[in-house]
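Peer 1: With the input below, show me the fold.
(one chain, ligands or ions: 1)
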Amino acid sequence: MNSPSLPHLTPTLRTRLPLVGTTVFTRMSSLAAQHGAVNLGQGFPDFDCAPQLVELVSDAMRAGHNQYPMMTGAAPLRVAIAAKIASLYGHLYDAGTEITVTAGATQALTTAILCCVHPGDEVIVIEPAYDSYLPAIALAGGVPVLVCMQVDETGYSVPWDKLAAAVSSKTRLIIINTPHNPTGTILRPADVAALADIVRGTQILILSDEVYEHMVYDGVRHESLARNAELAARSFIVSSFGKTYHVTGWKVGYVAAPATLTAEFRKVHQYNVFTVNTPMQYGLAGYMADPQPYLDLPAFYQRKRDLFRDGLAGSRFTLLPANGTYFQCVRYDAISQETEAQFAEWLTAEIKVAAIPVSAFYAQGKESGIVRFCFAKQDETLRQALERLRSI
Ligand SMILES: *Cc1c(COP(=O)(O)O)cnc(C)c1O
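Peer 2: As a prediction, this is how the structure comes out:
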């Protein structure tokens, strides 16, 4: 019985995610706002998408595409995705049974992990790693097994011998990400071959985060696992329209996987998301009819990368290679010996350019003296940041 003299107490709960707090992205973005800094921290464009894409979504709403679509995604979009993958990577996924539209890549990643990882299963994660992988593994009751990339003057790379040594009889899943956030590294054919050697003859699945698939530079091709029939047969391949079409706020992505894996994926998808918003899907399907926008993306971002790198060339920062994604990692040891978080905070408050400490992408906060800048910004934004960074 409720007594007016007693406050209504909220029951306590034991957190499912004890290691999760406020993300560094939120912290650096509010610090950037507080100091009026140019925000090269969080990874999203400060420019708009193509007006035609907005028109196509509006057209879809006016045409009455406003009710639940199919659970698996609007059919025209799944067909368009399958056609794109076939033309770029030569692998024919069945649009009916092997492509699922998701609420952004993050949901695809979490759902893929939840559908295949049982409590106690081990998941190999390569660090530095995108921040959603570990919490999703924790929710599934999985055990993350962390393998650090090595970094030297030639940049970051995956130590495949160490990864092979991390495999055990409990390994259920290996998560890879190419092009790689935060390092800008891309996997090469030799990396894919090494991965194939490791999983051949095992029951290990692969989750391949390829949200930056259209951002590979200098004429190099993206090594989608879809190109490799042997690996595609055991992989969930994830991408994001937010990254490809400059619409990170729309949260539409997809997963491509063999029918048996897709069937399990959809069991989880059906009961935590069910469907992804309809007009966006029809708008995207219409927009995908023309491949030019994603074919033009490497040149579009390579120009920004070069503008940013050229601008930093005479500065006290040391540039690491940036072969893909819209991120540039730099060493700052000629400027400061502080931790990455301290340096990023100083940069934001005093120089008025926000960056992200790469240590935030390691579970144990490993320090390498490297911070990440995002160059998916208008040229004017980049020039303003460069002027400030060169003043150090
Ligand atoms: C941005 C990003 C995602 C998430 O994409 P959404 O479609 O916004 O959910 C996933 N993985 C990596 C590596 C990313 O950088």
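Peer 1: could you measure the nearest residue in space to Leu307 that is not next to it in sequence against the ligand, distance?
Peer 2: In this structure, Leu307 finds its nearest non-sequential neighbour in Leu382, 5.8 Å apart by Cβ to Cβ, 6 or more residues apart in numbering. Quick note: C-beta positions are derived from backbone N, CA and C, even for glycine. With distances taken as Cβ to the nearest ligand atom, to the nearest Å, Leu382 is found 19 Å from the ligand.
Peer 1: just checking, Leu382 touches Asp306?
Peer 2: No: using Cβ atoms under 8 Å, Leu382 is not in contact with Asp306; the gap is 10.6 Å.
Peer 1: out of those two, which sits in the busier spot?
Peer 2: Each of Leu382 and Asp306 has its neighbours counted (other Cβ atoms under 10 Å); Leu382 has more, 22 against 14.
Peer 1: which SS state does the more buried one fall under?
Peer 2: Here Leu382 is helix, with the state taken from DSSP: H, G, I helix; E, B strand; the rest coil.
Peer 1: Tell me which residues touch it, please.
Peer 2: Lys304, Leu307, Phe308, Gly311, Phe375 (Cβ atoms under 8 Å, 6 or more residues apart in numbering).
Peer 1: Which parts of the stretch 251-392 of the chain are helices?
Peer 2: All helices of the stretch 251-392 of the chain, identified by DSSP state H, counting those that start in this stretch, fall at 259-272, 278-288, 292-295, 297-312, 340-346, 379-390.
Peer 1: Make sure Leu146 is indeed in a strand.
Peer 2: Yes: under three-state DSSP, Leu146 falls within a strand.
Peer 1: What's the local residue count around it?
Peer 2: 16.
Peer 1: Report pLDDT for it.
Peer 2: If you check Leu146, the pLDDT there is 98.
Peer 1: My read is that it contacts Lys366, right?
Peer 2: No: here Leu146 does not reach Lys366: they are 9.7 Å apart, not a contact under Cβ under 8 Å.
Peer 1: anything in contact with each of the two?
Peer 2: Joint contacts of Leu146 and Lys366 (Cβ under 8 Å, 6+ apart) are Glu127.
Peer 1: circling back to that earlier point, how about the helices of the stretch 251-392 of the chain in CSV, adding mean pLDDT?
Peer 2: Converted to CSV, the helices of the stretch 251-392 of the chain look like this (pLDDT from 0 to 100):
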stretch, mean pLDDT
helix 259-272, 98
helix 278-288, 98
helix 292-295, 98
helix 297-312, 98
helix 340-346, 97
helix 379-390, 98
